[in-house]
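K.L.:
Kindly return the folded structure for what I paste below:
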Amino acid sequence: MIEDYRIKIRVGRSEGTGVYEITKRGTRREKSRFVERYETPAGTFLPEEWKKRAKAAIEAEGELALLERVKDHCREHCAWLHTESDLEEYAIDCTCGRVYRHWKDFENTETIIWMQGGRRWNMCR
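P.N.:
Below you'll find the model as predicted:
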């Protein structure tokens, strides 16, 4: 399910690289670098790995057409996304979190099925 790849929180921290340097005081210190990770219901991933897995899940559920429509909508409405890579990552995040359901000007054609009291209610937006 693609909802398993929705990002709950983005965590960034310094991690050691295994390379050491000598400071000006003569002490030895490990060099570090900043690493960002995405925490999802499916686990914790580096951004590149998350993007690959989430896109594979979207493809497996047959929702590539929906992803393309979300990308087109983001191209028109999201001025802060400058590169195609940023646009694709944001569109994948919106698709996995089903955020597009709350956009006023996005035509949503998916059917939402509600179960209530043993009766099926078919609600279309």
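K.L.:
how far away is residue 31 from residue 18?
P.N.:
According to CB to CB, to the nearest Å, residue 31 stands 8 Å off from residue 18. Using the backbone N, CA and C atoms, a C-beta is placed for each residue, glycine as well.
K.L.:
and what of residue 42?
P.N.:
Residue 42 is 28 Å from residue 18, by CB to CB.
K.L.:
in the helix or strand where residue 33 lies, what's buried?
P.N.:
If you go by DSSP states H and E, residue 33 is part of strand 28-40. Residues of strand 28-40 classed as buried under the neighbour-count rule (16 or more other CB atoms under 10 Å) are 37, 38, 40.
K.L.:
mean confidence for stretch 98-113?
P.N.:
The average of the pLDDT scores along stretch 98-113 is 79.
K.L.:
In contact with residue 34, which residues?
P.N.:
Contacts for residue 34 (CB atoms under 8 Å, 6 or more residues apart in numbering) come out as 12, 13, 14, 15.
K.L.:
what's the closest of the residues you listed to residue 97?
P.N.:
Lowest distance from residue 97 to those (CB to CB) belongs to residue 12, with 19.8 Å.
K.L.:
Quick one: neighbours of that closest one, just the number.
P.N.:
9 (other CB atoms under 10 Å).
K.L.:
Relative to residue 39, how far out is it?
P.N.:
11 Å.
K.L.:
Mind pulling the model confidence for the most centrally placed residue in the chain?
P.N.:
Against the mean C-alpha coordinate of the chain, by CA atoms, centre = their mean, the closest residue is residue 93 at 3.1 Å. For residue 93, the pLDDT comes out at 96.
K.L.:
Then residue 117?
P.N.:
We note a pLDDT of 55 for residue 117 in this prediction.
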